[in-house]
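[1] My questions concern the predicted model and sequence given below.
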Amino acid sequence: MLAARVVILELSFIGMLTAAALRAHLRRLKVAPLSSRQGFRWARRSLLRGDLIEGFDDGFLIDVRLPPLTLGDHVRIRVALEGLVPPNMLLLPTELVEASEADQSRPVVTGHSDFDRLYFASGPEIEVLARMTADARSLLLVLTSARLEKSTLEVEVSLRQDPAAAIPKVLQLARELAGPVGSPLDRLMERASSDRFAGARLRALEVLVARFPNTHETRTSAKAALADEDLGVRLVAAMFLSGEADEIVREISMTATPPLRAKAIRHVGKTFGWERARPIIEAGLADKGIVLSAAVFAFAVHGAARPPQERTVIRLRLESLYSSALEVSVEVIESLAILGDEGAEAFLLSRLEGEVPSIRAAAAQSLAKVGTPAAIPGLARAAGSPHPVVAKAARAALQVVRRRLGHVDEGRLSLTDERGDGALAVSEEGQLELATRPSEDS
């Protein structure tokens, strides 16, 4: 049977290897010389040509969004093996090639019929056989969910002392990834329940709830994780079991560290009822930093479902929370769009005229949702900003407002009313004027 073969050529510690050591190693692998100075970008330009799958976040495979593999396809994926090896290790597969009969007869280390795959180790590389209908996401999940029994401390120390000499140890770690037997679900459940590293348990549970949300195994793992000693693991489990473990979410949202509180408060904003959520949100609004930002978001989400008069009060409260802290300020601006109260337009227009590009861009994006014809002159001026992020956001917002409110004539934007009797016109210079369409009799 024809099969596709993925050869994992390289495991590189970007930022730890010197450029010279990396180039020397890649020359031994007959790969074009690269520079490690620019981090992940070197892979995009040289080793994995074409579009890289985006989905690398916080040191673990989050989403690779690949169709089923077919012969001749290229696998363009970045995978970090957090909890197994240092978090900036990259797994860089090369292109798929046709596997020979000899390849298929080599010793099998791991196999599982559900995913129709065979795995084996060969020399300094890992080779993974996948049939033509195999799904790359499941294949990578198998690799990333494999559990290593030994510590990676020795490899980390070697990398600091002699990066080039540590490469064989890195490849040995890679070979060990092909060893554990069992399905991806089995391995993830094992990691989520018994890995000695809290980070590994957390990532395994996150993958379970993201990739297998409707399985009995995921639900079983989440219920068991409610008793985990790590708050982060408990929070992920409680969020997944929403409604069954809300007390854990509430407790963490009030008493945990700021990152966990922020994560819990955002979840409260999306899932709790208003009466239960309000004291949690109020406590967050009295805080600062990421906790305050999360509370602003939750307040806006709940506010959008309140009656108009209450929305106005909530809008004024949100505007009052605008501060010198950039993160909070941007969150306030974005939350005003979530709230959906047109009374926020004046506030957003004043921020559109400010000096901080990220705030101006956020204001433009929010005006796209709540802006009226009065917002068009300001957006038109911002579209000519020398800051690309501001200009791009303003142009996009201007298009949205134009589509929503009217039509475009050459050199002018005309916003007609439903009867077509008159129009609000904006010249190319951004001047706003009332245009009256002549009657057919004149």
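    The structure has been received and is ready for your questions. Quantities reported herein were computed from a predicted structural model and do not represent experimental measurements.
[2] which stretches of the stretch 151-300 of the chain have low pLDDT?
    151-184, 187 (pLDDT under 70).
[3] do that again at 90, thanks
    Confidence mapping of the stretch 151-300 of the chain against pLDDT under 90 gives the ranges 151-215, 217, 242-245.
[4] Would you map the helices across it?
    Counting by DSSP state H, counting those that start in this stretch, the stretch 151-300 of the chain forms helices over residues 153-161, 163-176, 184-194, 198-211, 216-225, 231-240, 246-255, 258-271, 274-285, 289-303, given from the N-terminal end onward.
[5] Quick check: which of the ones you listed is nearest to residue 354?
    Across those, the minimum distance to residue 354, taken as C-beta to C-beta, is reached by helix 289-303, at 18.4 Å. For glycine as for every other residue, the C-beta is placed from the backbone atoms N, C-alpha and C.
[6] Tell me how this protein divides into domains.
    Taking automatic domain parsing as the criterion, the chain consists of the domains 1-182, 184-241.
[7] about what we covered before: can I get the helices of the stretch 151-300 of the chain in JSON lines including mean neighbour count and distance to residue 349?
    Rendered in JSON lines, the data for the helices of the stretch 151-300 of the chain read as follows (neighbours: other C-beta atoms under 10 Å; distance: least, C-beta to C-beta, whole Å):
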{"stretch": "helix 153-161", "mean neighbour count": "14", "distance to residue 349": "52"}
{"stretch": "helix 163-176", "mean neighbour count": "17", "distance to residue 349": "53"}
{"stretch": "helix 184-194", "mean neighbour count": "21", "distance to residue 349": "49"}
{"stretch": "helix 198-211", "mean neighbour count": "22", "distance to residue 349": "39"}
{"stretch": "helix 216-225", "mean neighbour count": "18", "distance to residue 349": "46"}
{"stretch": "helix 231-240", "mean neighbour count": "23", "distance to residue 349": "37"}
{"stretch": "helix 246-255", "mean neighbour count": "18", "distance to residue 349": "34"}
{"stretch": "helix 258-271", "mean neighbour count": "21", "distance to residue 349": "26"}
{"stretch": "helix 274-285", "mean neighbour count": "17", "distance to residue 349": "25"}
{"stretch": "helix 289-303", "mean neighbour count": "24", "distance to residue 349": "19"}
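[8] Could you dump those into CSV and include distance to residue 359?
    Compiled in CSV, the helices of the stretch 151-300 of the chain are given as follows (distance: least, C-beta to C-beta, whole Å):
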stretch, distance to residue 359
helix 153-161, 40
helix 163-176, 41
helix 184-194, 40
helix 198-211, 32
helix 216-225, 39
helix 231-240, 30
helix 246-255, 27
helix 258-271, 20
helix 274-285, 20
helix 289-303, 14
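[9] and residue 397, which of these is closest to it?
    Closest among those, once you apply C-beta to C-beta, is helix 289-303, at 18.6 Å.
[10] Next, the angle helix 274-285 makes with the closest one.
    Taking axes from the mean of the first three to the mean of the last three C-alpha atoms, to 10 degrees, helix 289-303 and helix 274-285 form an angle of 150 degrees between their directions.
[11] now helix 289-303 and helix 258-271, what's the angle there?
    When the same axes, to 10 degrees is applied, the directions of helix 289-303 and helix 258-271 differ by 0 degrees.
[12] Any chance you could list what contacts helix 289-303?
    The set of residues that contact helix 289-303 without belonging to it, under C-beta atoms under 8 Å, 6 or more residues apart in numbering, is 258-259, 261-263, 265-266, 268-270, 274, 277-278, 280-285, 287, 310-311, 314-315, 317-318, 321, 325, 327-328, 331-332, 334-336, 338-339.
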